[in-house]
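1. model this:
(chains A and B)
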There are 2 protein chains.
Amino acid sequence: MPINKQWHLISRPTGDLKPENFEIRESVVRDLGANEFLIRTIYLSLDPTLRLWAREQDSYMPSVRLGDVMRGFTMGVVEKSNNLQYPIGAIVTGVFGWEEYSISDGSGIVTRVEMDPRLPLTARFGLFEHIGLTAYFGIVDLLRPKFGETMVVSGAAGAVGSIAVQIGKILGCRVVAIAGSEEKCAWLKNELGADAVINYKKQPLKTALREACPNGIDTFFDNVGGETLEAVLDQINMKARIAMCGAISQYGTDEKPYAPPNIYNLLMKRAKIEGFIVLDYAADARWWAIAHDDMTQWFLQGRMKYRLDIVEGLQNAPSALDKLFRGTNTGKLLIKVSDEPVVA
Amino acid sequence: MPINKQWHLISRPTGDLKPENFEIRESVVRDLGANEFLIRTIYLSLDPTLRLWAREQDSYMPSVRLGDVMRGFTMGVVEKSNNLQYPIGAIVTGVFGWEEYSISDGSGIVTRVEMDPRLPLTARFGLFEHIGLTAYFGIVDLLRPKFGETMVVSGAAGAVGSIAVQIGKILGCRVVAIAGSEEKCAWLKNELGADAVINYKKQPLKTALREACPNGIDTFFDNVGGETLEAVLDQINMKARIAMCGAISQYGTDEKPYAPPNIYNLLMKRAKIEGFIVLDYAADARWWAIAHDDMTQWFLQGRMKYRLDIVEGLQNAPSALDKLFRGTNTGKLLIKVSDEPVVA
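-> Numbering: from 1, shown residues only, chains lettered A, B, ... in the order given. The predicted model follows:
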């Protein structure tokens, strides 16, 4: 069996996750048991949720224990197999580790990928899986926008947010995108078609929202929480819906989280806030497939774009986190761990 | 036309509403126009929501303007009429004023009451309208409890809360009731069948909830907000549902409202908080009738109880508020403004 390189979580972050929280170790991969298969990691996805997983307290999943291999969303190819459902050559995505090789008996797998010659393999992490389908289900299942309604997206230039903006447009909403730089705002407006953009670092959010949403806010796809959520709650319409996808403003802090004091506007406006995790939807194979088909069609019709920021080499995973948490990545941040298989 | 006595709101409350915020004035009722009818008020309902209506800022309804007649839920009998839908003798409920007589052309009306010889007229404000049907729709539409789940009710000894507790039991939940006195807790447990009761004035809420909810919390009917909501959010289960019916802990304060910093648990638990107002449901005549039938059946089967605390005389309305806001009323607080019609 091959040698495995694995990044272990060796200390808890104070504030952001940093390279010193990790240590790389090598070991020989153990032999496969019954039903098990060996996955060679091709891509490792770096996501804001890593901060939640590395905390002491459990989140929507148990926390990664100190000393364990760091958890991550990965894509890989099966290289050895005792499992008929996952034969050699199968491409899979799943929740595995920051490592060159993973072993599974099917657990941890999110999707066995059907290769589609019209889509690059990286589209899995640009359009689908925990990125594109997070946006899809948050909007389609929770927000349920009506044509002509106003949808606000925070963290709009992020991997999930930028897909949310485009789905909002496809569904006929007036989409207002909040991001943290002029470059991001220009991209959202000029390339992705946002109707209005707000650079929250330059503009007071409440005023800017009031100008950008003259008819109030009907739906909000929130990646940020905190004061962004507060500004939106101030201006929601009757029966408004808020999908709590993330709360990145609250992840890096070791202080008490900031909750919006105007939460009681939910009562005044008969509105709702609902949290969700895309992995819950993966259990519904039929809906998962419908989402995949919709997203594929929109992409092939040229109505859906994504950007990637690919860093070469598993050894660079911890240092690449800095891009993520400072928001300097220029697209969905992926670590390329090994080469894609050559399609015959 | 008769002389009308009306309580006017003459100043904004600082903290609770008090008698000095009101002034009684007399005037002759004006003549009826086309389609209008004259309602003699029989009962005026005093409710926590009055605090919201009397504030400077609008809530789920516009604020009552200074100098205007104070708004209230009332029940009355039509005494003169130019409207075929509301003939003389019809009993109606609606959102009208703190007054002996109201004029309507149909607007403001919530229900034209069909007299039911099996139910006293006061049951309208014990079991139905903005009391019982608030509990009904909050539970049936928003919480959607499953048999065997744990439901927590705050403000459980209140008019709405006590009905919510009983509906929870009828639907097969383990119901945990939070109230503010030993007498109320005893009533909830011994008379209304709550599985566990918590006197929040005597017990630390989080610990008491943990003991009372060994399987966590699936649904929460919240009348209170603030720290009560925080304690519940700490212990919600996956896919928990919270109906925000009121936030009485936050109404009396002129300070910034207290929002639970653990609001982000909604994400971790894929849970939701949703605000609602019963009047929205009154627009759906079919569902309103179903709710009325369910509640009537449950009452006639002896599975639903309510208590009334009736104060005689419109002149005593402002001073009776003290009971409401200190929680010393011993049932749904009503002002008896005039006599019920004698049924032939």
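
2. can you pull the pLDDT of A:Ser249?
-> Listed pLDDT for A:Ser249 reads 81.

3. For A:Gly193, give me its contacts.
-> Going by C-beta atoms under 8 Å, 6 or more residues apart in numbering or on different chains, A:Gly193 touches A:Val165, A:Gln166, A:Lys169, A:Val175. All C-beta spots, glycine's among them, are computed from the backbone N, C-alpha and C.

4. switch to 6 Å and redo it
-> A:Lys169 (C-beta atoms under 6 Å, 6 or more residues apart in numbering or on different chains).

5. ditto for A:Thr330
-> Residues near A:Thr330 by C-beta under 6 Å, 6+ apart: A:Asp309.

6. what residue is smack in the middle of chain A?
-> Compute the mean C-alpha point of chain A, and by C-alpha atoms, centre = their mean the closest residue is A:Ile131, 4.0 Å away.

7. hang on, it in a helix?
-> Yes. Using DSSP: H, G, I helix; E, B strand; the rest coil, the assignment for A:Ile131 is a helix.

8. you'd agree it is up against A:Ala159?
-> Yes. Using C-beta atoms under 6 Å, A:Ile131 is in contact with A:Ala159, at 4.8 Å.

9. Quick check: residues of chain A near chain B?
-> A:59-60, A:244, A:247, A:250, A:256-257, A:259-261, A:263-264, A:266-268, A:270-277 (C-beta under 6 Å from any C-beta of the partner chain).

10. Keep only those of those that are in strands.
-> The strands, defined by DSSP state E, take in A:Met244, A:Lys272, A:Ile273, A:Glu274, A:Gly275 from the residues of chain A next to chain B.

11. could you point out which element follows the stretch of helix or strand A:Ala164 belongs to?
-> Secondary structure assignment for A:Ala164, by DSSP states H and E: helix A:159-170. Remark: after helix A:159-170, the chain's next helix or strand is strand A:174-179, criterion DSSP H and E.

12. For that following strand, which outside residues touch it?
-> A:150-154, A:156-157, A:165, A:168-169, A:185, A:188, A:194-198, A:200, A:212-213.

13. Out of those, list just those in helices.
-> Using DSSP state H, the subset of these located in helices is A:Val165, A:Gly168, A:Lys169, A:Cys185, A:Ala212.

14. and the nearest residue to A:Phe125 once chain neighbours are set aside, what does it touch?
-> Closest residue to A:Phe125 apart from its sequence neighbours, by C-beta to C-beta, 6 or more residues apart in numbering or on different chains: A:Ser45 at 5.3 Å. A:Ser45 sits next to A:Phe73, A:Phe125, A:Leu334 when contact means C-beta under 6 Å, 6+ apart.

15. List buried members of those residues by neighbour count.
-> With burial judged by 16 or more other C-beta atoms under 10 Å in any protein chain shown, the buried subset of the contacts of A:Ser45 is A:Phe73, A:Phe125, A:Leu334.

16. out of the residues you listed, who's nearest B:Gly138?
-> Closest approach to B:Gly138 among the buried ones among the contacts of A:Ser45 (C-beta to C-beta): A:Phe73, at 38.2 Å.

17. and that closest one, what helix or strand is that in?
-> Taking DSSP H and E as the criterion, the element that holds A:Phe73 is strand A:71-81.

18. repeat for A:Ile109
-> strand A:109-113.

19. so that strand versus strand A:71-81, what angle?
-> Inter-element angle recorded for strand A:109-113 and strand A:71-81: 50 degrees (by axes from the mean of the first three to the mean of the last three C-alpha atoms, to 10 degrees).

20. Now the helix or strand following strand A:109-113: average pLDDT?
-> Later in the chain than strand A:109-113, the nearest helix or strand by DSSP H and E is helix A:123-127. Mean pLDDT, helix A:123-127: 92.

21. Quickly note the distance from the residue nearest to A:Ala231 when sequence neighbours are not counted to A:Val175.
-> In space, and not counting its chain neighbours, A:Ala231 is closest to A:Leu205: 4.3 Å by C-beta to C-beta, 6+ apart. Here the distance between A:Leu205 and A:Val175 works out to 16 Å (C-beta to C-beta, to the nearest Å).
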